[in-house]
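Participant: Sharing a model prediction with you, sequence too.
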Amino acid sequence: MSNIDFEQLRVAMVEDQIAGRGVRASDVLEAMRAVPREVFLPEPLQEFAYEDAALRIDEERTLPQPYLVALMAEALSIREHARVLEIGTGSGYATAVLCRLAAKVYSIESNAALAAKAAAVLHSLRCAHVQIVHTDANRGLPEHGPFDAIFVNPGGSEFVGALKPQLAIGGRMVVSAGTDPAVRELIRVTRTGPDDYTVEDIADVRVAPLDVDAERIRSRQAEWPRAGSADALLAQTIAGACERFESIESVDLAPLLDRIGDARVVLLGEATHGTSEFYRMRERISRELIERKDFDFIAIEGDWPDAARIDRYVRHAGHRPSQWSAFARFPVWMWRNQEVRTFIHWLRTHNAGLAEGDRVAFHGLDLYSLYNSIHSVVGYLEDVDPPTAGIARRRYGCLTPWQSDPASYGYAALNAQYRSCEPEVVSMLGDLLRREQRYAAQDGERFLDAVQNARLVANAERYYRTMYYGSRASWNLRDGHMFETLKSLLDFHGPQSKAIVWAHNSHVGDARATEMSHRGEHNIGQLCRMDFGLGAYLIGFGTHTGSVAAASDWDGPMEIKPVRVSMAGSYERLCHESNVASFILPLPNPASADLVAGLSQPRLERAIGVIYRPETELQSHYFQAVLTRQFDEYIWLDQTRAVTPLETETTEGLPDTYPFGL
């Protein structure tokens, strides 16, 4: 163990696992750098001290995940003169962190042996102003209160009622709640008066500890699955039931189109945001749906104003000159890539042979483009109603200080002394809607664009206020906005209109079939299924290994990263073990009861977004799902490669309206 540089590992942990995920409080980051996590572990486990997970020490003790400790500490906003109560000392790791933030820490541990062990370690770390109290946690410590902050370790949510009166006025308590033993909702309770409290959902967190012995066994596993095992037989059943294809270009999609039938919305997923084969297969399916089934528009997991530039290009329409280029912000490669450009070229050519009213549109569903949308609303009003444009500038001016970093607005809005911009941006949307008859008569398409941008600004303002901690509220707001946008587009394009959606599996698959539902999250797939029933067709994608375009941190540079081989016990490993390189698998498959039964058991499923951290893949990128309830079809591509990103310069020879030009 002597050759391990724990200090270097601790610095890397703070940078990658904590600061890299958005924890910004400098005192919290310094406390995390100062506490040696390895001293809380027996020597055989110390090599795992800086894993991005909770660690099970023994039957009674668990070392909490560093990120969770830092996130809770930051949410408490502990000041140097604060008095803090901790519920559940456990190993004492979180206690040591709190000691470096507060003037006095009281920590309750109901197990006498654990209390003694933790006290000894804390004494060795010279945590002099910490008092370990061996008592029943359900009563707290009223005799030592009131407390400026109460830190409740996972599993202590039942004590909240007794602890609330022990908060000082203005004091905060953070606790995890929920029924899922592995994934909980982090809650902050703030006392605002003698009998008044506010409750906020601030994060979804994984609390299940990493079983180190199981990980060691898994890492030493030989071939999986064993011949004759249930999973080996299920992999063979997949091989017999799937529709194989040699290449994306040659795949016969007629059976898939027959199964899609008269569906009004077809949702095409992807297991990453940077895999070439996923984009190319979605293009093939989309082209068939457009040519054979007369679908009216594509709606992507991309920003509305950026997609509007592409829409004008593919439908041969004019565009408003601007200072920005489509999809030029992080993650640039997600839509600014060769695969998307190929599809855009095809769509423009396809539309050239159609009457103006029959051309296939291209729309964005997402809400990240706060300031481009403000620019679009003001620009529209300058043309149709200049006095109202002036009003819009004043109302949206509330958001101007945060133009370069919208997430900082959300961080500032956490402070109760900072006034949110919600009334201004909501009133602007209301004004536009009240003038619908007057504005739409001039140009229905432009009015739709302006209203959607105003709606986006209103929803984005709320999103940035709730996204800082990544809670379920921000996820639900975002997917709710995308679904609301999709519905508006279907209404605009007419009662018989049909839509193709391109988005990640985590948005497209029915959330009720995944662990997302335990966190209270919903997504577009679930909302479409509930609204359209069988009129929504959900198609997921997966891969075993290869390469992917992704970043290590938000706003970080794009990297071409190797994709780790899929984990044992996952749906991806099952598909890989079928020994079929590429296939389409109908779900459920009426021809094979064994297949449906086998795939209806919860398993791990991988999701790689714009961020990919292979070193923490199990914690960061796998979740539980039931495939047969999540999707109607599953498309498998065993070996995949990264998308080809485009440069941001204007491509020579393309018309001035080309959407990717500067």
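Facilitator: Sure thing, it's come through. Numbers count the residues shown, from 1 in each chain.
Participant: for the chain, where's the lowest mean pLDDT among helices and strands?
Facilitator: helix 212-219 (a mean of 46; mean pLDDT, DSSP states H and E).
Participant: after that helix, next one along is what?
Facilitator: For helix 212-219, the succeeding helix or strand toward the C-terminus, using DSSP states H and E, is helix 230-241.
Participant: elements contacting that following helix?
Facilitator: Helices and strands touching helix 230-241, by 3 or more C-beta pairs under 8 Å, 6 or more residues apart in numbering; DSSP states H and E, are helix 571-576, strand 582-586, helix 593-599. All C-beta atoms are positioned from the backbone trio N, CA, C, and that covers glycine.
Participant: after it comes which helix or strand?
Facilitator: Taking DSSP H and E, what comes next after helix 230-241 is strand 243-244.
Participant: and that following strand, average pLDDT?
Facilitator: Average pLDDT, strand 243-244: 95.
Participant: sorry, back to before: with distance to His123, mean neighbour count and mean pLDDT as added columns, please give the helices and strands packed on helix 230-241 in JSON lines.
Facilitator: Below are the helices and strands packed on helix 230-241 laid out as JSON lines (distance: least, C-beta to C-beta, whole Å; neighbours: other C-beta atoms under 10 Å; pLDDT from 0 to 100):
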{"stretch": "helix 571-576", "distance to His123": "47", "mean neighbour count": "23", "mean pLDDT": "95"}
{"stretch": "strand 582-586", "distance to His123": "59", "mean neighbour count": "20", "mean pLDDT": "96"}
{"stretch": "helix 593-599", "distance to His123": "54", "mean neighbour count": "17", "mean pLDDT": "85"}
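Participant: Low-confidence ranges, the stretch 151-300 of the chain, go.
Facilitator: For the stretch 151-300 of the chain, the stretches flagged by pLDDT under 70 are 155-157, 159, 178-183, 204-228.
Participant: Quick check: Val175 touching Gly161?
Facilitator: No. Look at Val175 against Gly161 with C-beta atoms under 8 Å: they stay out of range, at 11.0 Å.
Participant: more crowded one of these two?
Facilitator: Between Val175 and Gly161, counting by other C-beta atoms under 10 Å, Val175 is the more crowded of the two (24 against 9).
Participant: Go ahead and name everything in contact with the host helix or strand of that one.
Facilitator: Secondary structure assignment for Val175, by DSSP H and E: strand 167-177. Strand 167-177 is contacted by residues 72, 75-77, 145-152, 154-157, 160, 163-164, 184-194, 202, 205, 207 when judged by C-beta atoms under 8 Å, 6 or more residues apart in numbering.
Participant: Recalculate using a threshold of 6 Å.
Facilitator: Applying C-beta atoms under 6 Å, 6 or more residues apart in numbering, the external contacts of strand 167-177 come out as 72, 75-76, 146-150, 152, 154, 157, 160, 184-191.
Participant: Local confidence estimate at Glu80?
Facilitator: pLDDT for Glu80: 86.
Participant: how much space between the residue nearest to it when sequence neighbours are not counted and Ile57?
Facilitator: Nearest non-adjacent residue to Glu80, counting by C-beta to C-beta, 6 or more residues apart in numbering: Ala103, 6.3 Å away. As judged by C-beta to C-beta, to the nearest Å, Ala103 and Ile57 stand 29 Å apart.
Participant: Repeat that for Thr192.
Facilitator: 38 Å.
Participant: more crowded one of these two?
Facilitator: Legend: neighbour count by other C-beta under 10 Å for Thr192 and Ile57, higher for Ile57 (18 against 13).
Participant: And the more buried one, how far from Pro64?
Facilitator: 11 Å.
Participant: Quick check, Tyr93 in contact with Leu41.
Facilitator: No. With contacts counted by C-beta atoms under 6 Å, Tyr93 stays clear of Leu41, the gap being 9.3 Å.
Participant: can you pull the contacts of Tyr93?
Facilitator: Here Tyr93 is in contact with Phe40, Leu63 (criterion: C-beta under 6 Å, 6+ apart).
Participant: With Phe532 instead?
Facilitator: Counting by C-beta under 6 Å, 6+ apart, Phe532 makes contact with Arg264, Val265.
Participant: what helix or strand does it sit in?
Facilitator: helix 524-532.
Participant: pLDDT of that helix, averaged?
Facilitator: Helix 524-532 shows a mean pLDDT of 96 in the predicted model.
Participant: pull the CA atoms of the following helix or strand past that helix into PDB?
Facilitator: Using DSSP H and E, the next helix or strand after helix 524-532 towards the C-terminus is strand 536-542. What follows is strand 536-542, C-alpha atoms only, in PDB (Å, rounded to 0.1, in the frame of the first residue of the first chain):
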ATOM      1  CA  ALA A 536     -46.200   6.500 -30.300                       C
ATOM      2  CA  TYR A 537     -43.500   4.100 -31.400                       C
ATOM      3  CA  LEU A 538     -40.300   4.000 -29.300                       C
ATOM      4  CA  ILE A 539     -37.000   2.700 -30.700                       C
ATOM      5  CA  GLY A 540     -33.800   2.300 -28.600                       C
ATOM      6  CA  PHE A 541     -30.200   1.700 -29.600                       C
ATOM      7  CA  GLY A 542     -27.200   0.000 -28.100                       C
END
